[in-house]
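Student: After the sequence you'll find the predicted model.
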Amino acid sequence: MSDPPIAPRKSASLLVVRGDPPEVLLLERHAAATFPSMQVFPGGVVEAQDYDAVWKDWANSRTPLDRDERAVRIAGIRETWEEAGILVACGGPPPGTDRSRPFIDVVRAGGHPLALDDLYDFAHWITPEARPKRFDTRFFLVRAPEGQDASADGSELVACEWIGATQAVDEHVALMPPTHLNLLRLAESPTVEHAIAAAAARPRFTVLPVRERFAGGVGVRIPAEAGYGVTEHLLRQQP
């Protein structure tokens, strides 16, 4: 009898976009980090601090959000600050760039609560069941805050760039399937407004890929209902 699959950890990733046609923020992971040398959106796992009651006063939402929904959005914003130095809040840029401070202290010092409503549902993926590390990842689309630019944290992330979605797919081979397919989805929109409207109209669907071997190599199979226009996706190998 095989062991049950590892339970996935809740996580969030942000597609931070700016300009028309949109550019999206991609980060390059350190060669010794999880997902070594991969090009990724900023993001990471939900932590206990993201559920803290203090966020009642420092995380704004016009619509009611349950405890888990608030935490996953806070996690996406927190990780984007820690990894890329961009803070999605209801005001101007944060004071200073010291990312070693506790996140709540950064937000309090800036005087503006997190802008949870600025995150738009874009996709939802869960790592295949056979993998030793699994993540239950919500992908959110968000406009880049005015007056802020990105910089890699220099430890887990070694570089960052603003790049068109189609260009990113064409130029980068170190892309995981969710990153690759979500870039292709973003490339369908000529403007940020179009991308936001398309995300709002898209039916919610959780993608649970299945790893398979195809004629062209190893890849994943995803349901047609996911809406990516493909059901088979080969894993792209780094050179």
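Tutor: The structure has been received and is ready for your questions. Numbers count the residues shown, from 1 in each chain.

Student: Pull out the buried positions in stretch 92-108.
Tutor: 93-94, 99, 103-104, 106-107 (16 or more other C-beta atoms under 10 Å). C-beta here means a position set from N, CA and C on the backbone, and glycine is covered the same way.

Student: And the lengthiest helix in the chain, what does it pack against?
Tutor: As assigned by DSSP state H, the longest helix anywhere in the chain is helix 67-84. Under the contact criterion of 3 or more C-beta pairs under 8 Å, 6 or more residues apart in numbering; DSSP states H and E, helix 67-84 touches strand 9-18, strand 23-29, strand 43-45, strand 59-60, helix 103-110, strand 114-115, strand 135-143, strand 157-164.

Student: Listing partners with orientation, what would you give for the first one?
Tutor: It stands for strand 9-18. strand 23-29 (antiparallel), strand 43-45 (antiparallel), strand 135-143 (parallel) (DSSP bridges).

Student: and it, which residues are buried?
Tutor: Neighbour-count burial for strand 9-18 [16+ other C-beta under 10 Å]: 10-18.

Student: same question, the last one
Tutor: Taking 16+ other C-beta under 10 Å as the neighbour-count basis, strand 157-164 is seen to contain the buried residues 157, 160-164.

Student: Give me the angle between that strand and helix 67-84.
Tutor: 100 degrees (axes from the mean of the first three to the mean of the last three C-alpha atoms, to 10 degrees).

Student: So which residues make contact with strand 157-164?
Tutor: Residues external to strand 157-164 that are found in contact with it (C-beta atoms under 8 Å, 6 or more residues apart in numbering): 18-19, 21-30, 33, 42, 83-84, 150-152, 171, 187.

Student: Going C-terminal from that strand, what's the next secondary structure element?
Tutor: helix 165-171 (DSSP states H and E).

Student: Point out the other helices and strands that that following helix packs with.
Tutor: strand 23-29, helix 177-187.

Student: Repeat the analysis, applying 10 Å as the threshold.
Tutor: strand 23-29, strand 157-164, helix 177-187 (3 or more C-beta pairs under 10 Å, 6 or more residues apart in numbering; DSSP states H and E).

Student: ok, back up a step: could you say which one of the helices and strands packed on helix 67-84 comes nearest to residue 183?
Tutor: Ranking those by proximity to residue 183 (C-beta to C-beta) places strand 23-29 first, at 7.1 Å.

Student: Figure out how far that closest one is from the centre of its chain.
Tutor: Relative to the centre of its chain, strand 23-29 is centred 10 Å away, using C-alpha atoms, centre = their mean, to the nearest Å.

Student: Only C-alpha atoms, please: export it in CSV.
Tutor: Output of strand 23-29 as CSV, limited to C-alpha atoms (Å, rounded to 0.1, in the frame of the first residue of the first chain):
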residue,chain,number,x,y,z
GLU,A,23,4.7,43.9,-17.8
VAL,A,24,4.8,41.4,-15.0
LEU,A,25,7.3,41.1,-12.2
LEU,A,26,9.4,37.9,-12.3
LEU,A,27,12.0,36.9,-9.7
GLU,A,28,14.9,34.5,-10.1
ARG,A,29,15.4,32.1,-7.2
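
Student: pLDDT of the next helix or strand after it, averaged?
Tutor: Using DSSP H and E, the helix or strand that follows strand 23-29 in sequence is strand 39-40. Here strand 39-40 scores 94 as its mean pLDDT.
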